[in-house]
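> heads up, no residue letters with this:
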Ligand code: MG
């Protein structure tokens with residue numbers, strides 16, 4: 001077994017889509033980014049590369065490369081999965097920190113959608129949501145811990 005951890009942060013700005021796990025959440029603010037800014041998927045990709053000691057999201061998909069402009073992070077995730085070799089995902093546990101909007105109504109949809117992209121069962125994917133207690137209302141962060149068999 002191998003373990004990996006990932007963490008990501010994006011600034012929020014008006015007029016950008018708020019994309020989490022490939023699902024667009026109704027919100028007046030979204031992630032600023034070169035890609036779609038899917039902070040949850042970015043944390044999972046870093047956990048995945050961390051578990052196999054193979055660099056990080058920036059070394060595989062540099063934001064200086066125009067190929068990744070506005071790309072869906074789910075596309076990057078599917079490419080990252082091809083690096084796993086003989087390993088399979090045992091489970092992933094994630095936490096998103098965001099003040100507004102409240103994510104609870106969307107968590108099940110995100111889990112279902114993201115588990116399908118990861119080719120795992122939703123029972124292998126935990127997604128938790130917290131607020132920053134309004135200490136960081138202009139950013140969204142996500143962390144992920146992943147175990148490979
Ligand atoms: Mg990111």
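Done, it's in. Just so it is clear, the structure is predicted and the values come from calculations on it, not from any experiment.

> So for residue 66, what's the pLDDT?
If you check residue 66, the pLDDT there is 89.

> repeat for the one 3 residues further on
If you check residue 69, the pLDDT there is 85.

> Not counting residues beside it along the chain, what's closest to it?
residue 34 (6.1 Å; C-beta to C-beta, 6 or more residues apart in numbering). (Each C-beta comes from the backbone N, C-alpha and C, glycine too.)

> right, and the one you found touches residue 67 too?
No: counting by C-beta atoms under 8 Å, residue 34 does not reach residue 67; the two are 10.5 Å apart.

> okay, these two: which has more neighbours?
Neighbour count, other C-beta atoms under 10 Å: between residue 34 and residue 67, residue 34 has more, with 15 against 7.

> can you pull the contacts of that one?
Shown in contact with residue 34 (C-beta atoms under 8 Å, 6 or more residues apart in numbering): 63, 68, 69, 70.

> Over to residue 3?
Counted by C-beta under 8 Å, 6+ apart, residue 3 has contacts 51, 145, 146, 147, 148.

> Quick check: beta-bridge partners of the last one?
Same thing as residue 148. As for beta bridges, residue 148 partners with residue 2, residue 89 under DSSP bridges.

> what's the neighbour count on it?
Residue 148 has 20 nearby residues by other C-beta under 10 Å.

> Tell me the residues of the chain that contact the ion?
8, 42 (C-beta under 5 Å from the ion).

> ok, which stretches of the chain are helices?
Taking DSSP state H as the criterion, the chain carries its helices at 39-51, 57-60, 73-81, 107-118.
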